[in-house]
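Peer 1: What follows is a protein structure lacking sequence information:
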């Protein structure tokens, strides 16, 4: 339910952005390393926003993958130590 609500809100914001973007047809000149170009401001903002969103999700995915791998290694270590502890508890006590 929460995911559906978030997706509906994102769709509404996206639609609002498209509506406002179509009304803004101002051209801006962009100078980048190799060349320069003239783009509509709304298109430029949309491209930069999407690129930032995708880059953010990629970085988040890589961080989550690293944490899951680390967590998996730590779980194996805990399981090994738990097994060793159970084996030590099963040994007869020396007086």
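Peer 2: Sure thing, it's come through. All figures in this text were calculated on a predicted structure; none of them were measured in a lab.

Peer 1: the bottom helix or strand of the chain by mean pLDDT?
Peer 2: One helix or strand of the chain scores below all others by mean pLDDT, DSSP states H and E: helix 2-23, with a mean of 81.

Peer 1: From the contact counts, what lies against the helix or strand hosting residue 44?
Peer 2: Using DSSP states H and E, residue 44 sits in helix 41-90. Judged by 3 or more CB pairs under 8 Å, 6 or more residues apart in numbering; DSSP states H and E, helix 41-90 is in contact with helix 2-23, strand 27-31. All C-beta spots, glycine's among them, are computed from the backbone N, C-alpha and C.

Peer 1: do you know which of these lies nearest residue 86?
Peer 2: Closest approach to residue 86 among the helices and strands packed on helix 41-90 (CB to CB): helix 2-23, 40.6 Å.
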